[in-house]
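> What follows is a predicted structure for the sequence shown.
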Amino acid sequence: MLYSAFIRLNLYEQAYGYTYIRFLVHAFMIFLALLLLIAALRIRYTSIPLIRWYIVLSLTAYVAINYVGMDHRIAALNIERYHQTGHIDASYLANLSSDAVPLLREFAEEYPELKDVLLERYAYVQTEKVNHSWTSFNLARYRASRELTPLRTE
């Protein structure tokens with residue numbers, strides 16, 4: 001049943017694009033499959049400490065989700081889908097976090113409608129920079145601001 005749901009979600013993504021929730025559902029299905037695998041191993045080998053392995057897997061999954069660069073990955077997959085199908089939701093892409101901005105800036109040269117939305121994003125990033133102190137510095141926002149500056153002058 002899990003495999004069927006995974007395949008159906010893949011088909012849905014091919015038709016409608018990639019989003020946070022779809023990305024997280026994929027991750028959770030993989031997590032569930034690994035939990036089931038550990039449980040199956042526990043049935044076969046009774047010496048396996050089930051709770052300990054569940055905790056290790058849970059912490060590993062949590063760290064992996066936080067370090068995978070979800071926004072960048074979603075942008076890359078949607079751009080790849082655009083090259084295959086010609087369909088893209090530019091407004092959704094523009095609302096991804098600052099981690100996706102370098103990739104979106106490159107794509108804006110190919111898809112000009114995204115440029116206007118990114119310029120609005122640049123204005124927002126600049127107001128955020130003015131309203132915050134140095135303690136709220138964020139590397140992804142800094143990179144996004146640096147990437148969007150040349151776009152403004154074009």
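That came in fine, so what should we check first?
> Report all helices and strands that the helix ranked longest in the chain contacts.
As assigned by DSSP state H, the longest helix anywhere in the chain is helix 20-44. In terms of contacts (3 or more C-beta pairs under 8 Å, 6 or more residues apart in numbering; DSSP states H and E), helix 20-44 is packed against helix 2-16, helix 50-67, helix 70-85. No exception for glycine: its C-beta is placed from N, CA and C like everyone else's.
> Same question for the second one: list its buried residues.
Going by neighbour count (16 or more other C-beta atoms under 10 Å), the buried part of helix 50-67 is 53, 61.
> What's the local residue count around Ile43?
Number of residues near Ile43 (other C-beta atoms under 10 Å) recorded here: 10.
> Tell me the confidence at it?
The model reports Ile43 with a pLDDT of 94.
> so who does it touch?
The contact partners of Ile43, taken as C-beta atoms under 8 Å, 6 or more residues apart in numbering, number zero.
> Look up how far Val56 lies from it.
19 Å (C-beta to C-beta, to the nearest Å).
> And this protein, split by domain according to the record?
When the chain is parsed with automatic domain parsing, its domains come out as 2-67, 70-153.
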